[in-house]
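1. here's my sequence, what's the structure:
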Amino acid sequence: MKRAAIYHFTDESSKRPKIYRDQLKSLEDFAASLGFEVADVYCDMSLKRHERAEFDRFLSCCERYDALITKDYYHISKNTGKCMHIMKELRNKGLSIFTHVNGCFLWEDSPIKEPRHVVTYTSHYGSINEMKEVIPVRNDIFRLFIRKETSWTLADQYFDRTLRQRDGEQIQLMELLANKDKYDLLLVHNLNDLHWRTSNFCKIREILGIDIYSLKEGFLKYRKSL
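-> Numbering: from 1, shown residues only. I've put the predicted structure just below:
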């Protein structure tokens, strides 16, 4: 049987230990339902990254396992870009990553030569002048990439100028989500464009419900959560 490691963190174990124990039991049951033997459980008692010694211990010996099981991708890193980087390193070492809440992300070869009806999105936070310069360049890069490298058809382009991607700031993203049924694939420069925070990125991805191609991270196939 394939071996899995469970990772979890909590800041409530001393106040409400039953919740902590129940969460670990749910992850153990989830791992068993996927056909994995739980070889080890790593758990940190803090949400602060610099206090997550158990996660670092897991990373130092991750080659022992076939998979990582965790509650959601936020448990890997709260930052979308950092989360994707860690996941790539784990995949390169032969591990699959399964989450109870967010399912399993499927990274596949990009369908560059398959006909797709594509929408692009970018967001940028910085000074007003900087944003005015950056966004047109990024949209030009999208158009050039589609024309030169793919068999895709560009349908629409959306962009937001946002300071911190706070609620209500990504107005065009909300419009894109409202029109999601018009498109087969979303093209972005990097996944942080949707949201820098991992939990928010996962929520947006579920609402969007289509494949995403990132010029930085590659092709993320959409599939309903496990």
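
2. could you list everything Ser214 pairs with in the sheet?
-> For Ser214, the beta-bridge partners under DSSP bridges are Val188, Gly218.

3. okay, now it: neighbour count?
-> 19 (other Cβ atoms under 10 Å). For every residue, glycine as well, the C-beta is placed using N, CA and C.

4. same deal with Gln165?
-> As a burial measure, Gln165 scores 19 neighbours (other Cβ under 10 Å).

5. same thing with Glu63?
-> So Glu63, with other Cβ under 10 Å, has 9 neighbours.

6. could you list the buried residues of the helix or strand hosting Ile207?
-> Element membership of Ile207 [criterion: DSSP states H and E] is helix 198-208. By neighbour count on 16 or more other Cβ atoms under 10 Å, the buried set for helix 198-208 is 198-202, 204-205, 208.

7. what of stretch 58-72?
-> Across stretch 58-72, burial judged by 16+ other Cβ under 10 Å covers 58, 62, 65, 67-71.

8. can you give me the mean pLDDT across that stretch?
-> For stretch 58-72, the mean pLDDT works out to 97.

9. again, but for stretch 171-187
-> Averaging pLDDT along stretch 171-187 gives 97.

10. ok so, going back, closest to Asp29 among the buried residues of helix 198-208?
-> Of all the buried residues of helix 198-208, Asp29 sits closest to Cys202, with 21.5 Å by Cβ to Cβ.

11. burial check on the spatially closest residue to that closest one that is not a sequence neighbour, number of neighbours?
-> Nearest non-adjacent residue to Cys202, counting by Cβ to Cβ, 6 or more residues apart in numbering: Asn102, 4.8 Å away. Neighbourhood size, Asn102 [other Cβ under 10 Å]: 23.

12. can you give me the pLDDT of Asn102?
-> At Asn102 the predicted local confidence, pLDDT, stands at 94.

13. that one contacts Thr70, doesn't it?
-> No - in this structure Asn102 lies outside contact range of Thr70 using Cβ atoms under 8 Å: 9.3 Å.

14. about what we covered before: next step: the buried residues of stretch 58-72 restricted to helices.
-> Residues of the buried residues of stretch 58-72 located in helices (DSSP state H): Phe58.

15. could I get the buried residues of stretch 58-72 as a markdown table with distance to Ile135?
-> Putting the buried residues of stretch 58-72 into a markdown table (distance: Cβ to Cβ, whole Å) gives the following:
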| residue | distance to Ile135 |
| --- | --- |
| Phe58 | 39 |
| Cys62 | 38 |
| Tyr65 | 42 |
| Ala67 | 39 |
| Leu68 | 36 |
| Ile69 | 39 |
| Thr70 | 35 |
| Lys71 | 35 |
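
16. out of the buried residues of stretch 58-72, which comes closest to Glu108?
-> Relative to Glu108, the closest of the buried residues of stretch 58-72 is Ala67; by Cβ to Cβ it sits at 18.1 Å.

17. in whatever helix or strand Leu176 lives in, what's buried?
-> Assigned by DSSP H and E, Leu176 belongs to helix 171-178. By 16+ other Cβ under 10 Å, the buried positions in helix 171-178 come out as 172-173, 176.
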